[in-house]
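Q: the sequence and its predicted three-dimensional model are supplied below.
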Amino acid sequence: MENFLSYIPLDISLIVENFDRFLYGVWMTLNLTVLALIVGGLLAVPMAIARASSHPIFNPIVWAYTYIFRGTPLLVQTYLIYFGLGQFEAIRQSWLWDPILSSAWWCAFIAFTLNTAAYSTELLRGAIIDTPKGEVEAAIATGHSYRSRMRRIILPSAFRRAIPAYSNEVIFMLHGSVVASTITLQDILGVGRWLNGRFYLAYEGFITAAFLYFLIVLCITWIFRWLERRYLGHLTRREITETDIEILSEGSTR
Amino acid sequence: MELILEYQSQLLAGTLMTIKLALVSLIISVLLGLLGAWAKLSGNRVAQKTADVYTTVVRGIPDLVLIMLVFYGGQVTINAIGEMSGLWGYLEISQFIAGVGTIGVIFGAYFTETFRGAIMAIPRGQIEAGISCGMPRLLIFSHIIWPQMVRYALPGFTNNWLVQLKTTALVSVIGLQDLVYNAFTAGRSTGQLFTFMAAALFIYLILTAISDIALRALDRHYSRGVVRA
């Protein structure tokens, strides 16, 4: 083992020694990403409904919001909140400044939440307007009001159909969360950068970070594959198995 | 507003750098995407596996991590190889090359999937018809596959391009003087970071809006004669 390790041009002992820091980085990345996804997802539901129903007032407002947040880099949005808001004396004097807007974590959280809410809104809007017309008509025919139609028919089916696209959004959000390391937060990449700077290394920190992110993405992919099977099973094309072929060929000989 | 006018040349230079970054990396990723789609669709097992590993690994690691890995680690690696083999002396990877190369390779993976999907959407019978008419492979590609592939790939292409354009902002973190970097330094030296970051935001918005409009026009061009449901 010793011999084998000496061939790898990486200083593995430093990574192992500082692994608790990396675990802290994983915790930081995950809590930022997951909380932003939850809050952003909750915000997205009413906004998506407003967009899908072409509400005369809210639709254009929400459209402008999603357009701005989807059309600009997350890095700039985060900088605008973290570095930008301090420009205003009124904000620095307000009660929001001390516990929230002066903290890097809160600024990253706000930026990520607003960003993912914008993407999720458009995604969910797409799923809502793609609801098969027959389902809506059947709901109307059985006397559902607009609200109960939305709650019992359209939203459950839209959520299911949004799962594959939403898994991409979750992975993008995880990828986007590296922006946190640029505003002093010790997320996974932040720890990697710290390690490289501390010991004057070229790649150890980044490779460890890349590996950890890759593991998290794999987990997300598994979770969503399970969710798809569980909630979208009725819509996926079933693969033809050998027994199917036997049954089919038996049927044709009879 | 006056401040922005005062720093307009700096912002303009940054914007041009951002556009240059995005366009050069786009060319790399489209070429890699075509190559990757070909590898995935060819019957060749090795090519298929290589392309699979490429798209999985690249899509599993955040852009900034790869950019930093290439910028800080790539330098050391290249010089170590050069020293060992004696083929080249000390080389320096500039921020531009690290950024363009990495972003090009990352989005090559996304374009691979886009192009693969687009080629698969072309009815197989049309290609077979071409073969049975005795068309050479190149002619089949240029007359049957390409025009339809472009149409099927355009929505995904538009999406990838918009993400790619926004991703170039990350290169400012390794010190390339793009729009974000220049807006940030201008904002810090004037103490008006909000104003300048808002200006950067607005410029990005214009860039994405222009791309959106242009690509929609292209979509109309390639969808001539298609009846939409």
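A: Right, received. Where do you want to start?
Q: what's the average pLDDT for the helix or strand hosting A:A90?
A: Assigned by DSSP states H and E, A:A90 belongs to helix A:89-93. Averaged across helix A:89-93, the pLDDT comes to 82.
Q: tell me which other helices or strands the lengthiest helix in chain B touches.
A: If you go by DSSP state H, chain B has its longest helix at helix B:8-41. Contacts defined by 3 or more CB pairs under 8 Å, 6 or more residues apart in numbering or on different chains; DSSP states H and E place helix B:8-41 against helix B:45-60, helix B:95-121, helix B:146-167, helix B:179-190, helix B:193-222. Quick note: C-beta positions are derived from backbone N, CA and C, even for glycine.
Q: got a list of what B:L26 touches?
A: Residues in contact with B:L26 (CB atoms under 8 Å, 6 or more residues apart in numbering or on different chains) are B:104, B:107, B:161, B:164.
Q: returning to what we had before: what about the helix holding A:A90, distance to the chain center?
A: The chain centroid and the centroid of helix A:89-93 are separated by 32 Å, computed with CA atoms, centre = their mean, to the nearest Å.
Q: returning to what we had before: just flag the most distant two among the contacts of B:L26.
A: Greatest spatial distance in those: B:G104 and B:W161, 12.6 Å, computed using CB to CB.
Q: what about the helix holding A:A90 and chain B, touching?
A: No. If you take CB under 8 Å from any CB of the partner chain as the test, helix A:89-93 misses chain B, and the best it gets is 9.4 Å.
Q: the longest helix of chain B: which residues count as buried?
A: Using 16 or more other CB atoms under 10 Å in any protein chain shown as the test for burial, helix B:8-41 gives B:10-11, B:14-15, B:17-18, B:21-22, B:24-26, B:28-30, B:32-40.
Q: in what helix or strand does A:I140 lie?
A: Counting by DSSP H and E, A:I140 is found in helix A:133-141.
Q: same for the helix or strand just after that helix, what does it pack against?
A: Sequence order places helix A:146-149 as the next helix or strand after helix A:133-141, per DSSP H and E. Applying 3+ CB pairs under 8 Å, 6+ apart, one finds that helix A:146-149 contacts helix A:133-141.
Q: go through the helix it packs on and flag the buried ones.
A: For helix A:133-141, by 16+ other CB under 10 Å, it's A:136, A:139.
Q: next one: stretch B:220-229
A: B:Y222.
Q: quick one: contacts of it?
A: B:147, B:150-151, B:154.
Q: could you do stretch A:101-117 as well?
A: Outside stretch A:101-117, the residues within contact range by CB under 8 Å, 6+ apart are A:32-33, A:35-37, A:39-41, A:43-44, A:47, A:69, A:74, A:77-78, A:80-82, A:85-86, A:91, A:99-100, A:169, A:173, A:176-177, A:179-180, A:183-185.
Q: got it, and stretch B:186-193?
A: For stretch B:186-193, using CB under 8 Å, 6+ apart, the contacting residues are A:79, A:83-84, A:86-87, B:3, B:7, B:10-11, B:184, B:194-197.
Q: which PyMOL command selects the buried ones in those residues?
A: Buried members of these, defined by 16+ other CB under 10 Å, are picked up in PyMOL with:
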select buried, (chain A and resi 79+83+84+86+87) or (chain B and resi 7+10+11+184+194+195+196+197)
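Q: residue ranges with poor pLDDT in the stretch 151-254 of chain A?
A: A:236-240, A:245, A:247-254 (pLDDT under 70).
Q: can you give me the helices in it?
A: Under the criterion DSSP state H, counting those that start in this stretch, helices of the stretch 151-254 of chain A are mapped to A:155-176, A:188-199, A:204-232, A:242-253.
Q: pick the most buried one from the ones you listed.
A: Each of those was scored by mean neighbour count; the highest is helix A:188-199, a mean of 22, by mean count of other CB atoms under 10 Å in any protein chain shown.
Q: just put the helices of the stretch 151-254 of chain A in JSON lines and tack on distance to chain B.
A: As requested, these are exported to JSON lines (distance: least, CB to the nearest CB, whole Å):
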{"stretch": "helix A:155-176", "distance to chain B": "4"}
{"stretch": "helix A:188-199", "distance to chain B": "6"}
{"stretch": "helix A:204-232", "distance to chain B": "4"}
{"stretch": "helix A:242-253", "distance to chain B": "22"}
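Q: run a quick neighbour tally on B:R188.
A: 12 (other CB atoms under 10 Å in any protein chain shown).
Q: for the nearest residue to A:A52 once chain neighbours are set aside, give me its contacts.
A: Excluding the flanking residues, the one nearest A:A52 by CB to CB, 6 or more residues apart in numbering or on different chains is A:I128, at 4.0 Å. Neighbouring residues of A:I128 by CB under 8 Å, 6+ apart: A:48-49, A:52, A:154-155, A:158.
Q: so how far is chain B from A:I128?
A: 18 Å (CB to the nearest CB, to the nearest Å).
Q: repeat that for A:L42.
A: 24 Å.
Q: mind listing what's buried along the helix or strand containing that residue?
A: Assigned by DSSP H and E, A:L42 falls within helix A:19-52. Buried residues in helix A:19-52, counting neighbours by 16+ other CB under 10 Å, are found at A:21-22, A:24-26, A:28-29, A:32-33, A:36-37, A:39-41, A:43-45, A:47-52.
Q: swap in stretch B:125-142?
A: Counting neighbours by 16+ other CB under 10 Å, stretch B:125-142 gives B:127, B:130, B:135, B:140 as buried.
Q: look up the closest residue to the third one, ignoring the ones flanking it.
A: Of all residues beyond its chain neighbours, the one nearest B:M135 is B:H143 (7.4 Å), with distances taken as CB to CB, 6+ apart.
Q: same check, this time on B:V173
A: A:T182 (5.4 Å).
Q: tell me how many other residues crowd that neighbour.
A: 20.
Q: quick check: A:A48 vs B:T158, distance?
A: Remark: distance between A:A48 and B:T158 (CB to CB, to the nearest Å) = 21 Å.
Q: surely B:D212 touches B:L162?
A: Yes. Contact criterion CB atoms under 8 Å: B:D212 and B:L162 qualify, at 7.3 Å.
Q: out of those two, which sits in the busier spot?
A: Of the pair B:D212 and B:L162, B:L162 is the one with more neighbours under other CB under 10 Å, namely 18 against 15.
Q: who in the stretch 1-150 of chain A is up against chain B?
A: A:9, A:67-68, A:71-77, A:79-80, A:83-88.
Q: run the last query once more with 10 Å
A: Residues of the stretch 1-150 of chain A lying close to chain B (CB under 10 Å from any CB of the partner chain) are A:9, A:29, A:67-88, A:91.
Q: circling back to that earlier point, next SSE after the helix holding A:L42?
A: helix A:58-71.
Q: who touches that next one?
A: Outside helix A:58-71, the residues that touch it by CB atoms under 10 Å, 6 or more residues apart in numbering or on different chains are A:44, A:46-55, A:77, A:111, A:114-122, A:125, B:162-163, B:165-166, B:201-202, B:204-209, B:211-212.
Q: go with 6 Å
A: Contact partners of helix A:58-71, identified using CB atoms under 6 Å, 6 or more residues apart in numbering or on different chains, comprise A:47, A:50-51, A:114-115, A:118, A:121-122, B:205, B:208.
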